[in-house]
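Trainee: Predicted model and sequence follow; I will ask about them next.
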Amino acid sequence: MTSVHPEVEYKFEPARGSDVPELVGIDDVATVEGPSADVLDATYFDTSDLALAAAGITLRRRTGGGDAGWHLKIPAPSGSRDELRVPIAGEVNEVPGELRDAVQLYARGRDLIPVAQIQTHRRVYRLCDSDAHALLELADDGVTARMPPSDGPESMTAWREWEVELVAGQAHHLESAAHVLEQAGAQPAAERSKLARALGDRLPDPADDVGNPMGRKSPAAYVVRARLQEQVAELKYRDPLVRDNVPDAVHTMRVAMRRLRSALATFRPLVDREQTEPLREELKWIAGVLWAARDAEVLHERLSGLVAEQPVELVIGPVKQRIDRELRAAYRTAHERSVEAMQSERYFALVDRLDALVADPPWTPMASQTVESVLPARVARDYRRLRRRVAAADQAPDTATRNERLHEVRKAAKRARYAAETMVPVYGRPAERFAKAAKQVQSVLGNQHDAVVAQSELREIGVRTYLDGDNPYTYGLLQGIEQANAAALDAKYRRAWKRASRKSLRRWLS
């Protein structure tokens, strides 16, 4: 079974012959336990052309220490890493199926073979607070790496490093530890992973991460490209997590897809539509495939919570068990279909085209104009689109039509929010306030839409319950509660829109 562990750590290169410094001076560290000693033996796997390493991903089989097993480390855009772990089983050099599947975006069906063997003599210090809770761990590692021969003899390299990792501490504890280590003469490590250091010149060059300075007089292309790069990176980061069925991964991957589609729509005049519109359609396709899994996930969480809120005497029959059974089955089926789509050549081609898009965007002449002369007008256009949809919803002749139109308002609010988010690096707080107000409208209407969808689902489950000869009373009760919830959220939306439509939020657009 795969487990997921977030990893936040800093690596340092200590000065030759230096000792681990006094650690009690680190924020809130009252005692230091250890050191405890371990010998860790790890074999790293990759494709023959090191496709995983090129993406910053490491896949290893490690023995020794308290976390022996298979580890897949995935770098997050935030700078941390997620680590998927699987217990050791089977042949020594046989990568577990779930981890092999998780890296298919990069491996594309190619064999995963041993590319390095690294032995680490580790001394671990646990940095604890006054209640003996571990805030951080500091590992003093002596590392020896052996590289299998390619065209010549086996190569070997050795070094020492310090690795400080968050356990139950906060970011400021990590920063304080980093300061103490640097004061002791250590330098931040040039490479984030032992494998990257072992590979050296064999490691493929990373793709250029263009970070142009952004201001109101900068070319508009700088802002749009930064947004596209950010969201393509987010999509690719979530890919292995979706394949491995990590909680909430489907949702966050769909958000990245929506942000990409929105950026290509909002800033449409800045790029060649003949190239970008097909990309928007393909993003719509894969997001639609993932939607069924996300819908079942949301419904299951919502209805389970609703049942738990009811008095015991009103829950007649195995209501929770039936909801669990039906919606978990729906999620499993939808997730399997999602992964199947993500194994397709169509999906791989989409990701390749997204990589090409951010590497060399097909700009139009408008993209070279300044930010202030082009981009605020695009955000204002999205706001006017939102306002028209609000007016259409207010003119709906009945509840069903209003619910449909409110769903369109929600999508328009989301697009306006994403457009404003893109502008935050340049316009700062005013853009943040606009985005926050649009997000509030989106969130309220998201809950309202969930309440509407839940009514339909409860009605269907209730009918099946009746046909099976069981009492459907509770499903009718829950349906009535969700109907009231939808009406209350509609009223809450009106207040959210009143705040979001204030002129003061849009002054920065003029």
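Mentor: That came in fine, so what should we check first? Numbers count the residues shown, from 1 in each chain.
Trainee: Tell me which stretches of the stretch 1-150 of the chain form strands.
Mentor: 3-7, 9-13, 31-46, 58-63, 69-75, 81-86, 113-128, 134-147 (DSSP state E, counting those that start in this stretch).
Trainee: Tell me, how many residues neighbour Ala37?
Mentor: If you count neighbours by other C-beta atoms under 10 Å, Ala37 ends up with 10. No exception for glycine: its C-beta is placed from N, CA and C like everyone else's.
Trainee: Could you list the buried residues of stretch 17-34?
Mentor: Of all the residues in stretch 17-34, those buried under the rule 16 or more other C-beta atoms under 10 Å are 20-21, 23, 26-29, 32.
Trainee: Extract the C-alpha set from it and format it as CSV.
Mentor: Coordinates of each C-alpha in stretch 17-34 appear next as CSV, following Å, rounded to 0.1, in the frame of the first residue of the first chain:
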residue,chain,number,x,y,z
GLY,A,17,36.5,18.3,9.2
SER,A,18,33.9,20.4,10.9
ASP,A,19,31.8,19.1,13.8
VAL,A,20,28.0,19.4,14.1
PRO,A,21,27.5,22.7,16.0
GLU,A,22,25.6,23.3,19.2
LEU,A,23,21.9,22.9,18.3
VAL,A,24,20.1,24.0,21.5
GLY,A,25,20.2,27.6,20.4
ILE,A,26,17.7,26.9,17.5
ASP,A,27,14.3,28.4,18.1
ASP,A,28,12.3,26.5,20.8
VAL,A,29,14.8,23.6,20.8
ALA,A,30,15.3,22.6,24.5
THR,A,31,17.0,19.2,24.1
VAL,A,32,18.9,17.3,21.5
GLU,A,33,18.5,13.5,21.3
GLY,A,34,21.2,11.3,19.8
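Trainee: Now the longest helix anywhere in the chain: buried residues?
Mentor: The single longest helix within the chain, with elements called by DSSP state H, is helix 429-467. By neighbour count on 16+ other C-beta under 10 Å, the buried set for helix 429-467 is 430-431, 433-435, 437-455, 457-459, 461-462, 465.
Trainee: so for that helix, what's the average pLDDT?
Mentor: For helix 429-467, the mean per-residue pLDDT is 96.
Trainee: before we move on, what about stretch 62-79?
Mentor: Mean predicted confidence for stretch 62-79 is 88.
Trainee: now for it, what's the gap between its first and last residues?
Mentor: 23 Å (C-alpha to C-alpha, to the nearest Å).
Trainee: Just the buried positions in that stretch, please.
Mentor: Neighbour-count burial for stretch 62-79 flags 62, 65, 68-76 (criterion: 16+ other C-beta under 10 Å).
Trainee: what's in contact with that stretch?
Mentor: Stretch 62-79 is contacted by residues 7, 38-43, 55-61, 81-88, 95-96, 99, 102-103, 122, 192-193, 230, 233-234, 237, 240-241 when judged by C-beta atoms under 8 Å, 6 or more residues apart in numbering.
Trainee: can you give me the strands in the stretch 151-300 of the chain?
Mentor: Counting by DSSP E, counting those that start in this stretch, the stretch 151-300 of the chain has strands at residues 155-166, 187-188.
Trainee: Make TSV out of those and add distance to Gly480.
Mentor: Shown next, in TSV, are those (distance: least, C-beta to C-beta, whole Å):
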stretch	distance to Gly480
strand 155-166	47
strand 187-188	60
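Trainee: looking at those strands, which is buried most?
Mentor: strand 155-166 (a mean of 17; mean count of other C-beta atoms under 10 Å).
Trainee: which regions of this structure lie under the pLDDT threshold?
Mentor: The chain contains residues with pLDDT under 70 at 1-3, 150-154, 206-211.
Trainee: switch the cut-off to 50
Mentor: Counting by pLDDT under 50, the low-confidence segments of the chain come to 1.
Trainee: And it, what are its domain boundaries?
Mentor: If you go by automatic domain parsing, the domain ranges for the chain are 3-202, 220-509.
Trainee: what would those domains look like in TSV with distance to Pro213?
Mentor: Converted to TSV, these look like this (distance: least, C-beta to C-beta, whole Å):
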stretch	distance to Pro213
domain 3-202	20
domain 220-509	8
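Trainee: Met214: which of the ones you listed is closest?
Mentor: domain 220-509 (5.1 Å; C-beta to C-beta).
Trainee: Return the distance of that closest one from the chain's centre.
Mentor: 15 Å (C-alpha atoms, centre = their mean, to the nearest Å).
Trainee: Report the contact partners of Asp261.
Mentor: No, residue 261 isn't Asp; it's Arg. Per C-beta under 8 Å, 6+ apart, neighbours of Arg261: 280, 283-284, 287.
Trainee: Out of those residues, who's the most crowded?
Mentor: Leu283 (22 neighbours).
Trainee: what's the burial count for the closest residue to Ser193 other than its chain neighbours?
Mentor: The shortest distance from Ser193 to any non-neighbouring residue, by C-beta to C-beta, 6 or more residues apart in numbering, is to Thr58 (5.3 Å). Around Thr58 there are 24 other residues, counting by other C-beta under 10 Å.
Trainee: Let me know whether Glu106 touches Leu52 as I believe.
Mentor: Quick fix: residue 106 is Tyr, not Glu. Yes: Tyr106 lies in contact with Leu52 (C-beta atoms under 8 Å); the separation is 5.4 Å.
Trainee: I'd guessed Ser48 sits against Arg110; true?
Mentor: Yes: if you go by C-beta under 8 Å, Ser48 and Arg110 touch, sitting 7.1 Å apart.
Trainee: Now Gly64: phi and psi?
Mentor: phi 90, psi 150 (degrees, to the nearest 10).
Trainee: Distance of it relative to His121?
Mentor: 10 Å (C-beta to C-beta, to the nearest Å).
Trainee: Now the common contact residues for these two.
Mentor: Looking at what touches both Gly64 and His121 (by C-beta under 8 Å, 6+ apart), the common residues are 38-39.
Trainee: Could you point out which of the strands of the stretch 151-300 of the chain sits nearest Leu505?
Mentor: Short answer: strand 155-166, nearest of the strands of the stretch 151-300 of the chain by C-beta to C-beta, at 37.1 Å.
Trainee: Not counting residues beside it along the chain, what's closest to Ala145?
Mentor: Here the residue nearest Ala145, using C-beta to C-beta, 6+ apart, is Ala198, at 3.6 Å.
Trainee: Check the buried residues of stretch 17-34 and tell me the two furthest apart.
Mentor: Val20 and Asp28 (18.7 Å).
Trainee: who touches stretch 167-174?
Mentor: 8-10, 26-29, 126-127, 133-137, 164, 166.
Trainee: repeat that with 10 Å
Mentor: For stretch 167-174, contacts defined as C-beta atoms under 10 Å, 6 or more residues apart in numbering pick out 8-10, 26-29, 126-129, 133-137, 164-166, 176-177.
Trainee: likewise stretch 332-347?
Mentor: 101-102, 104-105, 108-109, 239, 242-245, 249-250, 253-254, 282, 285-286, 288-297, 348, 350-351.
Trainee: Quick check: PyMOL command selecting the buried ones in the residues you listed.
Mentor: PyMOL command restricting the contacts of stretch 332-347 to the buried ones, with burial defined by 16+ other C-beta under 10 Å:
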select buried, resi 101+102+104+105+239+242+243+244+245+249+250+253+254+282+286+289+290+292+293+294+295+296+297+350+351
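Trainee: List the ones among the contacts of stretch 332-347 that fall in helices.
Mentor: 101-102, 104-105, 239, 242-243, 249-250, 253-254, 282, 285-286, 288-297, 348, 350-351.
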